[in-house]
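Okay, sequence plus prediction incoming.
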Amino acid sequence: MPTLHRTIVRPIVTEATSAAYQERGEYYFEVAPDANKQEIKQAVERLFGVKVTGVWTMNVRGKARRVGTTTGRRPHWKKAIVTLREGDTIGIFEG
């Protein structure tokens, strides 16, 4: 199992993810492409001291981008949606 900070790459904080947090209590993270649901659950619980009740993952394809006169591609990445036990919160999403 990779280290905790390699499993959870970064939190995703956008308008859409903020709305999902406020309405449904879902937290979004970019995670390592080889991380599975159990590793993501353990990493979030140990990093933030909360109890995870659900994890959903999806592979996001990189967008095609123009690079000069040719077309390039951004890298593919993996996203995880995490729900927590009632009453638990993660502070970085609240600010």
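Now that the structure is in, tell me what you want to look at.

mind listing the strands for the protein?
With DSSP state E as the definition, the chain shows strands at residue ranges 8-11, 26-31, 52-60, 64-67, 70-73, 77-84.

Compare those and report which one is nearest to residue 90.
The minimum distance between residue 90 and those falls on strand 26-31, with 5.8 Å, by CB to CB. To be clear about C-beta, it is placed using only N, CA and C from the backbone, and glycine gets the same treatment.

what's in contact with the closest one?
7-13, 17, 20-21, 40, 44, 57, 77-84, 90, 93 (CB atoms under 8 Å, 6 or more residues apart in numbering).

Tell me the spacing between residue 46 and residue 65.
Between residue 46 and residue 65 the distance, using CB to CB, to the nearest Å, works out to 36 Å.

And these two? Which one has more around it.
Taking neighbours as other CB atoms under 10 Å, residue 46 and residue 65 compare with residue 46 leading, 12 against 9.

Contact partners for the closest residue to the more buried one other than its chain neighbours?
The shortest distance from residue 46 to any non-neighbouring residue, by CB to CB, 6 or more residues apart in numbering, is to residue 4 (5.8 Å). Taking CB under 8 Å, 6+ apart as the definition of contact, the neighbours of residue 4 are 43, 46-47.

Now with 10 Å, please.
By CB atoms under 10 Å, 6 or more residues apart in numbering, the contact set of residue 4 is 39, 42-47.

Roughly how far does the residue minimising distance to the centre of the chain sit from residue 14?
If you average the C-alpha coordinates of the chain and look for the closest C-alpha using CA atoms, centre = their mean, you land on residue 29, 1.3 Å from that point. Residue 29 sits 12 Å away from residue 14 when distances are taken as CB to CB.

likewise residue 3?
26 Å.

same deal with residue 24?
Using CB to CB, residue 24 is found at 15 Å from residue 14.

Could you do residue 6 as well?
Where residue 14 is concerned, residue 6 sits at a distance of 23 Å (CB to CB).

More neighbours: the two, which one.
Counted by other CB under 10 Å, residue 6 and residue 14 do not tie: residue 6 has more neighbours, with 14 against 9.
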